[in-house]
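>>> this one's structure only:
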């Protein structure tokens, strides 16, 4: 049971790292318009970059949610085991 709770904490930490990555992307991964020249803009580089950035943000946000769910499920399992043990022992 202790290991389940320890693993839950580790998954919480992973979720936190994903969350920090989302924040970093939101605050600093955009490029100024002048990053690409006119031809590159015309060829779609700006749109492609923004599309990739949005896709990464979506994936990272999914990682935040899913790793948090894993942590919650592990804690729930630990609690269920403790309850079952307590019930089995007559306590």
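Thanks, I have it. Fair warning: this is a prediction, and the values are worked out from it, not measured in the lab. Numbers count the residues shown, from 1 in each chain.

>>> For residue 90, which three-state class applies?
Look at residue 90: counting by DSSP: H, G, I helix; E, B strand; the rest coil, its state is coil.

>>> What is the neighbour count of it?
By other Cβ atoms under 10 Å, 5 other residues sit near residue 90. Bear in mind the C-beta positions are built from the backbone N, C-alpha and C, glycine included.

>>> again with residue 67
Neighbours of residue 67 under the rule other Cβ under 10 Å: 20.

>>> What confidence value was assigned to it?
We have a pLDDT of 98 for residue 67.

>>> Was I right to think it contacts residue 15?
Yes - with contacts counted by Cβ atoms under 8 Å, residue 67 reaches residue 15, the gap being 4.0 Å.

>>> Spatially central residue in the chain, please.
Within the chain, the residue whose C-alpha comes closest to the C-alpha centroid is residue 64; the distance, by Cα atoms, centre = their mean, is 2.2 Å.

>>> host element of that residue?
helix 45-88 (DSSP states H and E).

>>> do residue 3 as well
Element membership of residue 3 [criterion: DSSP H and E] is helix 2-28.
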